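>>> sequence first, predicted coordinates after that:
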Amino acid sequence: MTMASRKTPADMINLKLIIVSGKTKEFLFLPTTTATEIAHHVYDNWPEDWGTRIVTKAEILRLIYHGRFLHGNVTLGALNLPLGKTTVMHLVPREHLPEPNSQDDPKQKKTGSRSCCSSCCTIC
């Protein structure tokens, strides 16, 4: 579901996705929607203004929220995202996810911050 500049319904989450090129698009999802379902929806409804689809299958699309890759079975509700609000995430092509513990490896930490950028947030 694509979101124009309308108010987000109180029972939905407006997900603003940022791709590598910096282009964005907003989609409406229920809190029960999984990361895998979002990837499939975006793949099947690839926005024209994003240009040619850069991936050959939806399974390569990965969501990043607060600097962490979301595994396929994670729902938006499990992330405690506020209903009726806009949340920003990155959408990137990546064949495999890192092992869950590798993201907590102190050798891999660049800073004490867990955010990947100032864009991953909830817009009030």
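Received it, and whenever you're ready, just let me know what you need.
>>> doesn't residue 81 make contact with residue 87?
Yes - assessed by Cβ atoms under 8 Å, residue 87 is found in contact with residue 81 at 4.9 Å. (Each C-beta comes from the backbone N, C-alpha and C, glycine too.)
>>> relative to the longest strand along the chain, what are the paired strands and their orientations?
Using DSSP state E to define each element, the chain has its longest strand at strand 86-93. In its sheet, strand 86-93 lies beside strand 13-18 (parallel), strand 61-65 (antiparallel), strand 122-123 (antiparallel), with partners assigned from DSSP bridges.
>>> least reliable of those going by mean pLDDT?
The stretch with the lowest mean pLDDT among those is strand 122-123, at a mean of 52.
>>> quick one: low-confidence ranges for this protein?
Low-confidence segments of the chain (pLDDT under 70): 1-6, 97-124.
>>> okay, helices next: where are they in this structure?
With DSSP state H as the criterion, the chain has helices at 35-44.
>>> what's the spacing between the closest residue to residue 44 other than its chain neighbours and residue 14?
With Cβ to Cβ, 6 or more residues apart in numbering as the measure, residue 58 is the residue that lies nearest to residue 44, at 7.3 Å, once sequence neighbours are left out. Taken as Cβ to Cβ, to the nearest Å, the spacing of residue 58 relative to residue 14 amounts to 21 Å.
>>> ditto for residue 7
If you measure residue 7 against residue 14 using Cβ to Cβ, the figure is 9 Å.
>>> same check, this time on residue 55
With Cβ to Cβ as the criterion, residue 55 and residue 14 are 23 Å apart.
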